[in-house]
Structures are given as structure tokens and as C-alpha cells.
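>>> predicted structure and sequence below. I'll ask about it afterward.
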Amino acid sequence: PKITMFASRTQDDCRPLQVESDSIVVRIERPAADSSETQLRDQAHRLLDAIALADASPLARRRREAVERVLSRTDTDREIDPEGEAILRDTEHLILRSSDVTLATANSSVIEEMVAEGEQFDWVIVEEAARASGPELIGPLLLGGRRVLIGDHRQLAPFDAERKAKLYCGAAGEALLTGAAELIDAISDLPDEVGTSLEALASDPVLRADVLATALRLEQPFREIAETAEEISSAHGGPVCMLTEQSRMHPAICDIVSNTFYVGRLTTAERVVGRPCPIVPADGDLAAPVVLFDLPSLSRARVKAFETYDGTSPCNRAEAAALLAALDRFGPASGEVPTLAVLSPYTAQCRILEARMKSRIDLETGLLNGFASPKGDGAFVHTIDSFQGGEADLVMVSTVRNNQRVGRHALGILGDRRRMNVLLSRARHKLVLVTSTGFLRNAVQWAEAGRGSALELEFLGAMLRRIDRMAEPDCPDVSPKASIISCDENGILLQ
């Protein structure tokens, strides 16, 4: 069967597949951002080099010369050989039609070409489908009658979805349509029905509200499909199911994520339970798979403020100091090179951490305190959005926020349950949180219940209660699955 696989946004997600040796796998995208050619074009080059230029080539002399010219062309050559380029494109099309598995990003221009040519695959599989908007999913879904969408709508939404959602609501939606018909007239190749439809929307409030609501749902189609179908499937069975077994996180880390975001349904694969840990702590208090370094809330600290701003992005230098002190208390086990990721919701905090950690990186090995970077590129510090899909053996998190406000306004990004889900679910063996539990509890406790903030933020309360329970097991003979280490207002560890 012919299978096409799409990653919703990034080329890095088009990873190599384990397939049978006689299968043809084609990856359409560039192998790296700085690469001038796609892998499909590279494969076409190699095929022409092996066949067209062989001693027994069936090509006529003129066409062989055209192939030689296009193969010898460099990036600095400005002249394009039409005949050679045509042969190269035909070779690419031949490879695509012959492939068993085709890999591409959902917004690749090649998708549009395949749809226009009526290409059909036996199966279409879209990975990270929850991060794709409606327009990004249309092309892939038109390429086959049997489709599998894989994603998690409880994690990051499609790019810019929140801002776009505001455009479809109330006065903003009406303003969006104001003068739209005149603007559309400037586009010559659109059918007349587009302008007629816009005029109908502008004159009919009921129709406009219905269409805007549909457009809003199509901004996050995977979420809409999953949530609607889950209700039906739970009662009658259906095509939507939740994958409940994970094989990344230590069971204790999975326990927090499962009970905070997945109603306790997420479980750990048996092969992960007895997996040896490649990280050695400096003392027994840090041996737990979850370690929380707890700074005082601003209301109980002897400082005027924890948060400072770099532009509009907040940072917390006390948390940065605590995180670096904590990092010094972990190291690799003998013979191991575990990976390390340092995450924060805010770019200003990431810049501070990067600057302070730079001197700790071994210039020869690229290791930081014996840890390797998670992507092998020497980068240890990441924001939440840039690290979705990533993982590391040791993940250290600086949450930054610690102020005297309450509710969602106090928490900022920490109040976004989908981003917090990503933040907490990246670690394989050990999760280290640097935060202020006092601040988090105050922000949630005093949230405005009348405006729905209290209910929206309850997941943070559930997370803290779970960690507290893990730090003090009911049975004294059971080792705690979490440790809570107190810090002072300067980020100095007190234990």
C-alpha cells in the first residue's frame, strides 16, 4: 500500500521510519533549515547520476548532456537550463509515484501539486494533528480516503490560534467582514460567489454568527473532532480513541501529568517501570524522580519583587540562581551521558539561564556538567513552545512568576493548562521544578470564582496536591516519589 505521512508544522517531525528494506521512502522536505535542496531533489540527483549517466544509459546524447549540466549546476549559477530542469522534475514525479511511503509537512507546496494532479494514497497519517489548523489539514486529507489523525488537543494548539479566535467573536467578527466584499473584488481569479457570500454574511446577523462559529471551530479541527467524537464514542464506540499508555516518563512523573491533565487515564508501559536512571543525585533528598525547589511567595519574602522585565517578558533571577545551584547537585551515572533540558515559559528567563550556563559547557565535548543537549545541537535552554515533542533524561523548569496579584493575571502563561502539560511531560527520568508553591496556591485560591478563573486554574491546585502526596507517602517504608527543597528569597538552597 501507498502511505503518506505528514507532520503538522515542523520538518524535524518528519523522522525516519522503520520500514521493510524493499520499501521506497521519500521525504519531500529539506533535511535541515539551511539546506538548499529537498531530500526529494537529492534523491532525483542520485537516481539520474546512477542511471542516466551510466555507460549503458538509454538516453540520447542531447538529453545526457542536459542531465550533466543540471547535475553540475551550483547554487551560484544563475542561468537555468529548461531541458535539464524538466528532466529533474520528471524524475522527482517518478520517485513520488513509485514511493511506498511519502513524508512531508502539512503545509508543503508539494501537497497542493499532488492534490491538483489527483494523487491518491491508500492511507494518510497526520502526526501532531492537533497543531494543524483547518487550512493546513485540507490538503493532506484530500490525498486519501482512509485517514489517521494522531495528536493531543490537551497540549499546544495550532500557531496563533488564540489570537485568531478573538477575530471570530462579537464586534471583532463583524469588523472582519466590513468592506470585505470590496477587498475581494481586487483579487481577479476568485469566483463571483465569494463576493455574493460575503454580502449575505454582512446583511444577515444570524447567518454571520453561525459562519463565524464554524470558522472558529475550524481553527482547531482536531480538537473539535476529538471532543465531539469522544462524547459519542464513550457511549456507543467509534473511530476516536485515547492512547492511554506512555513510554517516556518515569511512573511518578506520569502520575502527576495523568492526574492533572488526563483524569488519571494515562498509564506507564511496563518496560519503563524498571528502567535504570542515568542520573546520580548528590544526596538522598534529591533521589526522588520529582524534585521541587520551593522559593517563598513575594508576600512572605524580604524583597520588593522577584519579577523584573526585559521588554514585556518577565524573568526571575532568584529562580535562575536556585536552578543553577540545583543543577550542580546532579551528575551522570558512571559510563552514562544523559540529556538535559532547561525549560521556562518566558524568553527573558531563557536568556538569563543561557548566559549563566554558557561558561559551564565543555567546549571540546559540548557537555554541560556531563549532560548532553537533548537535540544534539548544543542548546540546553528552551521555551515551552519550542520544545513540544522534545524530551530529555533530566528536565529542569523555571516557572518565573511570583508576584502579589491573583488569578490568571498573576500567572500569565502558567495559567494555560495546555502549555503546563507540555512543560511537565518532557522528562524521562527526573523532573526538577523551581517555583513558589505559596505563590501558586495564593493565585489559585483567590482567583475570581464568578469569572470562571478558579475553575480554569484548578489544575494547578491538583498538581500541587499530587506532589504533596507523593512527598509524604502513607507507608513509611515506601520511598517518597517527590522531594520538596526549601530555598530563600535569593535562591539559596536551605536543605
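Arrived safely, thanks for sending.
>>> ranges for the helices of the stretch 101-250 of the chain?
For the stretch 101-250 of the chain, applying DSSP state H, counting those that start in this stretch gives helices covering 109-116, 134-141, 161-167, 170-177, 180-185, 192-203, 205-219, 221-236.
>>> okay, the ones you listed in TSV with mean pLDDT and mean neighbour count next?
For the C-beta atoms, the positions are set from N, CA and C on the backbone; glycine is no exception. Formatted as TSV, these follow (pLDDT from 0 to 100; neighbours: other C-beta atoms under 10 Å):
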stretch	mean pLDDT	mean neighbour count
helix 109-116	86	16
helix 134-141	92	20
helix 161-167	82	13
helix 170-177	76	13
helix 180-185	74	14
helix 192-203	82	14
helix 205-219	86	15
helix 221-236	78	15
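>>> out of those, which gets nearest to Ala320?
helix 161-167 (27.8 Å; C-beta to C-beta).
>>> which ones are touching the residue nearest to Gly173 when sequence neighbours are not counted?
Of all residues not flanking Gly173 in the chain, Leu212 sits nearest, at 4.4 Å (C-beta to C-beta, 6 or more residues apart in numbering). Residues near Leu212 by C-beta atoms under 8 Å, 6 or more residues apart in numbering: Tyr168, Cys169, Gly173.
>>> look up how far Val110 lies from the residue lying closest to Arg217 once chain neighbours are set aside.
Among residues not flanking Arg217 along the chain, Glu224 sits closest, at 4.6 Å (C-beta to C-beta, 6+ apart). Distance, Glu224 to Val110, by C-beta to C-beta, to the nearest Å: 27 Å.
>>> with Leu212 instead?
32 Å.
>>> which helices and strands sit right next to the longest strand anywhere in the chain?
The residue-count maximum for a strand in the chain (DSSP state E) belongs to strand 427-435. When contacts are defined as 3 or more C-beta pairs under 8 Å, 6 or more residues apart in numbering; DSSP states H and E, strand 427-435 sits against helix 251-261, strand 290-294, helix 317-327, strand 392-398.
>>> one more time with 6 Å
Applying 3 or more C-beta pairs under 6 Å, 6 or more residues apart in numbering; DSSP states H and E, we find strand 427-435 packed against strand 290-294, helix 317-327, strand 392-398.
>>> reformat the ones you listed as a markdown table; add mean pLDDT, mean neighbour count and distance to Glu85.
Below are the helices and strands packed on strand 427-435 laid out as a markdown table (pLDDT from 0 to 100; neighbours: other C-beta atoms under 10 Å; distance: least, C-beta to C-beta, whole Å):
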| stretch | mean pLDDT | mean neighbour count | distance to Glu85 |
| --- | --- | --- | --- |
| strand 290-294 | 98 | 23 | 57 |
| helix 317-327 | 97 | 21 | 53 |
| strand 392-398 | 98 | 25 | 44 |
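>>> between the ones you listed, which one is nearest to Ile484?
Here strand 290-294 is closest among the helices and strands packed on strand 427-435 (C-beta to C-beta), at 4.8 Å.
>>> sheet-wise, list the partners of whichever helix or strand comes after that closest one with their directions.
Per DSSP states H and E, the first helix or strand lying C-terminal to strand 290-294 is strand 307-310. Here strand 307-310 is paired, per DSSP bridges, with strand 313-316 (antiparallel).
>>> pull the residues that contact the strand it pairs with.
Outside strand 313-316, the residues that touch it by C-beta atoms under 6 Å, 6 or more residues apart in numbering are Phe306, Glu307, Thr308, Tyr346, Thr347, Ala348, Gln349, Ile352, Val400.
>>> quick one: which two of the residues you listed are the most distant?
Phe306 and Thr347, at 17.5 Å, using C-beta to C-beta across those.
>>> which one's more surrounded, the two?
Phe306 (24 against 17; other C-beta atoms under 10 Å).
>>> surely that one is in contact with Asn402?
Yes - Phe306 lies in contact with Asn402 (C-beta atoms under 6 Å); the separation is 4.0 Å.
>>> re earlier: can you redo the helices of the stretch 101-250 of the chain as CSV with distance to Ile413?
Listed next are those as CSV, based on distance: least, C-beta to C-beta, whole Å:
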stretch, distance to Ile413
helix 109-116, 32
helix 134-141, 24
helix 161-167, 11
helix 170-177, 23
helix 180-185, 33
helix 192-203, 35
helix 205-219, 20
helix 221-236, 19
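>>> Ile384: which of those is closest?
Set against Ile384 and scored by C-beta to C-beta, the helices of the stretch 101-250 of the chain come closest in helix 161-167, at 14.1 Å.
>>> and stretch 443-456, average pLDDT?
For stretch 443-456, mean pLDDT is 74.
>>> likewise stretch 62-76?
For stretch 62-76, the per-residue pLDDT averages 75.
>>> list the buried residues in it.
If you call a residue buried by 16 or more other C-beta atoms under 10 Å, then stretch 62-76 has these buried ones: Arg64, Ala66, Val67, Glu68, Arg69, Val70, Leu71.
>>> so which of those residues are in helices?
Counting by DSSP state H, the part of the buried residues of stretch 62-76 found in helices is Arg64, Ala66, Val67, Glu68, Arg69, Val70, Leu71.
>>> name the element the residue nearest to Ala410 when sequence neighbours are not counted belongs to?
Sequence neighbours aside, Ala443 is the residue nearest to Ala410 in space, at 4.4 Å (criterion: C-beta to C-beta, 6+ apart). Here Ala443 sits within helix 437-445, counting by DSSP H and E.
>>> report the angle between that helix and strand 290-294.
Angle of helix 437-445 versus strand 290-294, following axes from the mean of the first three to the mean of the last three C-alpha atoms, to 10 degrees, is 90 degrees.
>>> what residue in the protein is the furthest from its centre?
The centre of the chain is farthest from one residue, Arg61, which by C-alpha atoms, centre = their mean lies 50.6 Å away.
>>> now for that one: which residues touch it?
Arg61 touches nothing, counting by C-beta under 6 Å, 6+ apart.
>>> heads up, I number from 37, so please use that
With 37 as the first residue, the last one maps to Arg97.
>>> for Ala415, see how far away it is.
51 Å.
>>> OK, contacts around Ile131?
Residues near Ile131 by C-beta under 6 Å, 6+ apart: Val62, Gln79.
>>> for it, give me phi and psi.
Main-chain torsions, Ile131, degrees, to the nearest 10: phi -60, psi -40.
>>> roughly how far apart are it and Arg387?
Ile131 is 44 Å from Arg387, where distance means C-beta to C-beta.
>>> do the same with Ala96
To Arg387, Ala96 is 60 Å away according to C-beta to C-beta.
>>> between these two, who's got more neighbours?
More neighbours surround Arg387 than the other of Ala96 and Arg387, with 15 against 9 (other C-beta under 10 Å).
>>> and the longest strand of the chain, how far out from the chain's middle?
Computed by C-alpha atoms, centre = their mean, to the nearest Å, the separation of strand 463-471 from the middle of its chain amounts to 18 Å.
>>> in it, what counts as buried?
Across strand 463-471, burial judged by 16+ other C-beta under 10 Å covers Ala463, Arg464, His465, Lys466, Leu467, Val468, Leu469, Val470, Thr471.
>>> could you dump these into TSV and include pLDDT?
Compiled in TSV, the buried residues of strand 463-471 are given as follows (pLDDT from 0 to 100):
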residue	pLDDT
Ala463	98
Arg464	98
His465	98
Lys466	98
Leu467	98
Val468	98
Leu469	98
Val470	98
Thr471	98
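>>> mind listing the helices for the stretch 387-531 of the chain?
For the stretch 387-531 of the chain, applying DSSP H, counting those that start in this stretch gives helices covering 420-423, 443-447, 453-460, 473-481, 489-492, 494-507.
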